[in-house]
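Visitor: predicted structure and sequence below. I'll ask about it afterward.
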Amino acid sequence: MELCWILVIPLLSAPCAGGFDLHLSDTFHLGTVLANMSLGPGWTYKLDRTSTSKAIGNIVTVDGRDGAVRLVREVDCARLPKGSPLPLTFRIASSASDTFVIAHFNVFVHGQDCFIKYRRKSAVNKPDVHVHYLYGLGATSCLPSAKHLSVFLRERSLYVQGARCLSGKSDEDTVLCALRDSRGRHLSARLPNYQVSVPENEPAGTHVITLKATDADGGEAGRVEYGMEALFDSREFKDTHVFKVTATDHGAPRRSAASFLTVTVGDANDHDPVFEQSAYRIVSGDDGANSVFEIDSRHGLVKVKVRPDREVTAKYELIVEANDQGKDPGPRSATATVHITVEDENDNYPQFSERRYVVQVPENVPVNTRVAQVEATDKDEGNNAKVHYSIINGNVRGQFYIHTPTGEIDVINPLDYETNRDYSLRIKAQDGGRPPLINSTGMVIVQVIDVNDNAPMFAIDADSGWITVSAELDREATDITVLDVNDNVPTFTEKVYSLKINEDALVGTSVLTVTAVDRDINSVVTYQISSGNTRNRFAITSQSGGGLITLALPLDYKQERQYVLTITASDGTRPVFQSANYQVLISEDKPIGSTFKIDPDSGAITTQMEIDYEDQASYTLAIIAHDNGIPQKMDTTYVEIIVEDANDNAPQFSQEKYQGKVFEDVSLYTSVLQISASDRDSGSNGRVSYTFQGGDDGEGDFFIEQYSGIIRTNRKLDRENVPVYNLRAFAIDRGSPPLKAAVEVQVSVLDINDNAPVFEKDELYIYVKENSPAHSVVAQITATDPDEGTNAQIMYQIVEGNVPEVFDLDIFTGDLKALMDLDYETKTEYVIVVQATSAPLVSRATVHIRLVDINDNDPVLHNFEIIFNNYVTNKSNSFPTGVIGKVPAHDPDVSDKLQYSFVEGNELSLLILNPDTGELKLSRDLDNNRPLEAIMKVAVSGIMGKGVPGAAPRLRVGSSQFTEHIIAGGHWVIASPTLWAFWRGSDIAMVIASPSPSRYSDGSQAVARGPGAIVLFPVAL
């Protein structure tokens, strides 16, 4: 007998097929001995790193001389891969030959933050030990006839058994050991499934694993051919692939065996971080960006520190870098370009190119001739930079017209030097912003040049001063009266007036009276505020030759601290407006009734219909006042009506409903989708922010960025708990009160394979009727997987207990078939371990297959005899009246119940038989001193209809007499409860099962007369 031995003592573990389980705790101290693999002297020990997890190989070591496995680094769960147990393999080599042993361990790590996706600790059905044994074949060499040796463990030694002698030359081979432990339990080396891990990015042709099948047949019939097919979805980009490997021989008929190979693709850090977009564009309003930025290193949120100014820098370009935390081979990074565009706000007033424009125009210039052009520029852009022009003062008699878009000024009525020698036109430049900004400081001076267009009636001698007529006079036609002409302008008594006024002065308070004097006769001086009357706080009236300035509206020190009013005094009797221009602010939600009307008597301007700021933000009205004199005299003013925005528009979303998808394993703060809303209002009324407040954020699983509208994950998602989220978000403006709009957001969570299959119970009980046809389905083993689609596909296997092969489990359906007839009387229960795999995740359950008995066996009853020895005494009546025994029949079917009856021979009713229990009693007729022998036949049948086959068994009844004299003559064994009871004459009989007749040393014959039931009375020693 060839002999090798191996000692493997894993600590905190139990050996099982497929590798010893080794449990590590993060509380273990450095130097802790985890296992002892010593085989004695002459062996060396080495860690096999090719089949050992790198994470485990870095924290354990093995002593090369004594085989002790020790912990050399602390266990850190954060650095260990998550998922299945980690493989650990050692190679033990002989110093004297090429023999070596490979020992496998499955390492489970326990501790804080540790996570093992292995539902129940059960090992894969693989050999614990792989022995490469060098043997020499000589004239007297003995080896087993089979290549795969039968091996058993005894006292921690490995023995090869079943050897036979061969002859030949020395040879070498690899031996797979089928182990038997000290209790004789078979540990199969047959591999129903294989699992292997392959690093990703390996080139084509890389060796993955070698699967070996053996055939005991010789020659061509023993030649094995392999085939492989992919199970489930065999897409290219998957982390787990499952294959069915078939081995087929070349015999007739051809036989095959199947195994399953699970290939897990190990992740390498070969991908750079990927930004959600290759380029980002952030459009910023008043919450824009600055040249100095900061970024949240965890969330990637870009922030600004200083309010931006588009007129200084309109665009920024940032390079953002993202780094992962990979270690194999190292961290990787990626960059993205962030384009930030600062959106324009209307924060710049139009500026005239010149402070004062002066033009000279001959008085005979044709009508509709362009005489001047003003130009104002605005640093803003778009509509905020579009400038519109208007004349707000000095356009006496409407002589001039300005083109609103261009600023070109045309003369539209004839000029007369003799009437007006110059015009001072006040020009307003207004941009197109909302609200618009206005510059009213533009000034155009039009100087009229005299043309000789009037013939003189008189002439004056320059030397003598004599006035002579230029033509003949007609008294009746000529009346010469020297009249006063308005050749003097009013002159203020003071050029500058200064005063102070309290902010809380009441409306109507007199502020100041200004006075101007005109040297012309019959001159009436009127006054108006031509400029500087911001927000129309002041009013002026002409009374008593002076201009009384009063407070028209309340003052606000925070808005204006100083007013510089320009007062114009005019002579003549034409109408004069108190102000050269008026500015009125009205809210769009106030007027009822986009035109205006003016009361011809009072000058009150009212609206005729509803005004909408979103349609037009301002209006400029030219108002003409004229008297009823002949000729009529008039004055012109301009009313600037600024429509103030009211928050009358709620935000509007660009879509009625938003839908997005996200995988359940994404990291926190992953963006799902972006919602967008706009608001037609302006300023703060039109600025929109987003929120889930008052809506539905999926119980905190999502959050929304306030200004961008990007919805991101806030917690880990689990599709199995919530497959679809129906969120409700709001867009809210900043008006007072704020208006908001709601939108539905549906987020579908996409599945990943993160759940192992689950059996209903860890232990399943199946009841199968015996004699079920071979290859019939006796049960269905099912497991459920909360995942969906291909992630929920389950593969079933029997991994333990099916030796020899009695059952077959369909890999896809879980149908359990019996491969042979099941007999309850042979074995009542089978225990197997089944595995449900959703690669790479597995679960196991123990299945108890209990056979249900059916009535397929006849009752068993052999011939038996009853010997009745009647003890005759004068002391008392000793005849037994109770149950003396039971018909010794039995039925292998536990479900059947027997019925008993006499067929013949008991016509005198010497025995009383209970038909249900088979219990026997003696009739009183036997209580006499006469010997008796009777032959009877007993029938036994089951309720289910089965009976004893053939003739009914025979019962022989014998009776003899015992007296005190007989008893006193020998030594006896009394089969009675007590000797005292025997002598008192109580019943001493009892029915027992007896072997074939026996004789004792004194030559007397025992009362046992057959294999049936007997009445045992005293027997001689």
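Guide: Okay, I see it.
Visitor: if I look at the closest residue to V957 other than its chain neighbours, how far off is I811?
Guide: Distances taken as C-beta to C-beta, 6 or more residues apart in numbering put A934 closest to V957, at 4.6 Å, once the chain neighbours are dropped. Any C-beta I mention is one placed from the backbone N, CA and C, and that applies to glycine too. For A934, the distance to I811 (C-beta to C-beta, to the nearest Å) stands at 67 Å.
Visitor: equivalent analysis for P859, please.
Guide: 44 Å.
Visitor: so after the host helix or strand of V662, what's the next helix or strand?
Guide: With elements taken from DSSP states H and E, the one containing V662 is strand 657-663. Downstream of strand 657-663, the next assigned helix or strand under DSSP H and E is strand 671-674.
Visitor: adjacent strands (with direction) for that following strand?
Guide: strand 710-713 (antiparallel) (DSSP bridges).
Visitor: how far off centre is the partner strand?
Guide: With C-alpha atoms, centre = their mean, to the nearest Å as the basis, strand 710-713 stands 12 Å off its chain's centre.
Visitor: got the CA positions of it in CSV?
Guide: Extracted in CSV, the C-alpha atoms of strand 710-713 (Å, rounded to 0.1, in the frame of the first residue of the first chain):
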residue,chain,number,x,y,z
ILE,A,710,-30.3,69.6,-12.0
ILE,A,711,-31.8,66.7,-10.0
ARG,A,712,-29.2,64.5,-8.3
THR,A,713,-29.2,61.4,-6.1
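Visitor: pull the residues that contact it.
Guide: By C-beta atoms under 8 Å, 6 or more residues apart in numbering, the surrounding residues in contact with strand 710-713 are 660, 662, 666-675, 701-705, 727, 729, 745, 747.
Visitor: thinking again about what came up before, give me the pLDDT for the residue nearest to V957.
Guide: Note on A934: pLDDT of 81.
Visitor: just confirm it is within a strand.
Guide: Yes: counting by DSSP: H, G, I helix; E, B strand; the rest coil, A934 is part of a strand.
Visitor: does it touch E907 like I think?
Guide: No: applying C-beta atoms under 8 Å as the test, A934 and E907 come out as separate, 9.7 Å apart.
Visitor: which one of those two is surrounded by more residues?
Guide: Each of A934 and E907 has its neighbours counted (other C-beta atoms under 10 Å); A934 has more, 17 against 9.
Visitor: distance of the more buried one from V745?
Guide: 98 Å.
Visitor: check V107 too.
Guide: For V107, the distance to V745 equals 45 Å [C-beta to C-beta].
Visitor: now swap in D453 and tell me
Guide: The gap separating D453 from V745 is 79 Å, by C-beta to C-beta.
Visitor: more neighbours: these two, which one.
Guide: Set D453 next to V745 and count neighbours by other C-beta under 10 Å: V745 wins out with 25 against 11.
Visitor: please give the element, helix or strand, for that one.
Guide: Going by DSSP H and E, V745 is in strand 740-750.
Visitor: now do that strand: everything it contacts.
Guide: 650-653, 655-664, 672-673, 675, 677, 695, 698, 702, 711, 717-719, 722-733.
Visitor: which among these end up buried?
Guide: Neighbour counting with 16 or more other C-beta atoms under 10 Å marks 650-651, 653, 658, 660, 662, 664, 672-673, 675, 677, 695, 698, 702, 711, 717, 719, 725, 727, 729-733 as buried within the contacts of strand 740-750.
Visitor: right, and the helix or strand after the strand holding V745?
Guide: Remark: after strand 740-750, the chain's next helix or strand is strand 758-759, criterion DSSP H and E.
Visitor: partners of A731 in the sheet?
Guide: The partner residues for A731, given DSSP bridges, come to Y690, A741.
Visitor: that one and R687 touch, don't they?
Guide: No: counting by C-beta under 8 Å, A731 does not reach R687; the two are 10.6 Å apart.
Visitor: identify the contacts common to these two.
Guide: D679.
Visitor: I832: neighbour count?
Guide: By other C-beta under 10 Å, the residues close to I832 number 22.
Visitor: quick one: it and A783, what's the gap?
Guide: I832 sits 15 Å away from A783, going by C-beta to C-beta.
Visitor: do the same with T441
Guide: 86 Å.
Visitor: now S708: how far from A617?
Guide: 28 Å.
Visitor: which one's more surrounded, the two?
Guide: A617 (22 against 17).
Visitor: residue contacts, the more buried one?
Guide: Going by C-beta under 8 Å, 6+ apart, A617 touches G433, R434, P435, P436, I642, V643, D645, S682.
Visitor: tell me the phi and psi of the last one?
Guide: When quoted as degrees, to the nearest 10, the phi and psi of S682 stand at phi -120, psi 170.
Visitor: and it, how far from R49?
Guide: Per C-beta to C-beta, S682 is found 70 Å from R49.
Visitor: who's more crowded, those two?
Guide: Each of S682 and R49 has its neighbours counted (other C-beta under 10 Å); S682 has more, 19 against 12.
Visitor: I'd like the distance between the more buried one and D665.
Guide: 45 Å.
Visitor: repeat for V396
Guide: Relative to D665, and taking C-beta to C-beta, V396 is found at 81 Å.
Visitor: ditto for H403
Guide: 66 Å.
Visitor: quick check: end-to-end length of stretch 912-928?
Guide: 17 Å (C-alpha to C-alpha, to the nearest Å).
Visitor: kindly report the same for stretch 257-274.
Guide: 46 Å.
Visitor: try stretch 440-459
Guide: The straight-line separation of the ends of stretch 440-459 (C-alpha to C-alpha) is 47 Å.
Visitor: show residues contacting it.
Guide: By C-beta under 8 Å, 6+ apart, the surrounding residues in contact with stretch 440-459 are 352, 355-364, 371-372, 374, 376, 389, 392, 400, 409, 415-418, 420-429, 467-471, 531, 581.
Visitor: so which bits of it are buried?
Guide: Buried residues in stretch 440-459, counted by 16+ other C-beta under 10 Å: S440, T441, G442, M443, V444, V446, V448.
Visitor: also stretch 634-645?
Guide: Residues of stretch 634-645 classed as buried by neighbour count (16+ other C-beta under 10 Å): D635, T636, T637, Y638, V639, E640, I641, I642, V643, D645.
Visitor: just checking, the first one touches A622?
Guide: No: contact between D635 and A622 fails when scored by C-beta under 8 Å: they sit 11.4 Å apart.
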